[in-house]
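Novice: from the sequence below, what's the structure:
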Amino acid sequence: MGSDTQIKQPVIFFDGVCNLCNSSINFIIKRDKKKYFKFSSLQGNYATETLPSKFIETGNLPSLILLDENIKIKSTAALSIARHLSGLWPLFYGLIIVPAFIRHFFYDLVAKNRYKWFGKKDQCMVPTPELKDRFMD
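Specialist: Residues are numbered from 1 along each chain as shown. Next up is the predicted model:
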């Protein structure tokens, strides 16, 4: 991350061509009543400019990254996001006590098969005009 980059709002980076990921972002938007999060596809310019190169250059993008005071990935990112949603979703944050290697195993199982199980788009999702200000690309 560039030293001049300051995160004013947590940013969720997601796989913009993954149907599961796009559905998850829509799920988060509906439950993020306080508009706590901003969003960016991992394939976009903002991700390339903001995230460490190890996430971008591998060619094997993770499906979810949360950038707030630090970088969280996989199940840790998902649970941290749930913590800020409306309804009962913050209760899932209690699963953070499960060791990361166990949580990540199940997360990786779904992430590895996400295109096969849920499909893939040809291009990244385009936010509606009402949501445009919440997307960083």
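Novice: so where do the strands sit in this structure?
Specialist: For the chain, the strands defined by DSSP state E cover 11-14, 38-41, 64-67, 71-73.
Novice: wait, residue 16 sits on residue 42?
Specialist: Yes: counting by C-beta atoms under 8 Å, residue 16 touches residue 42, with 6.6 Å between them. Glycine gets a C-beta too; all of them are placed from N, C-alpha and C.
Novice: which stretches of this protein have low pLDDT?
Specialist: Under the criterion pLDDT under 70, the flagged ranges of the chain are 1-7, 56-61, 122-129.
Novice: the helices in it, which residues?
Specialist: Applying DSSP state H to the chain gives helices spanning 19-31, 45-50, 53-56, 74-82, 100-118.
Novice: burial count for residue 120?
Specialist: 13 (other C-beta atoms under 10 Å).
Novice: ugh, wrong one, residue 63
Specialist: Neighbour count for residue 63, taken as other C-beta under 10 Å: 23.
Novice: also residue 116?
Specialist: Other residues within reach of residue 116 by the criterion other C-beta under 10 Å amount to 8.
Novice: tell me how far residue 69 lies from residue 86.
Specialist: Applying C-beta to C-beta, to the nearest Å, one obtains 22 Å for the distance of residue 69 from residue 86.
Novice: let me have the strands of the chain in a markdown table, adding mean neighbour count and distance to residue 94 as columns.
Specialist: Rendered in a markdown table, the data for these read as follows (neighbours: other C-beta atoms under 10 Å; distance: least, C-beta to C-beta, whole Å):
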| stretch | mean neighbour count | distance to residue 94 |
| --- | --- | --- |
| strand 11-14 | 26 | 21 |
| strand 38-41 | 22 | 25 |
| strand 64-67 | 22 | 18 |
| strand 71-73 | 17 | 16 |
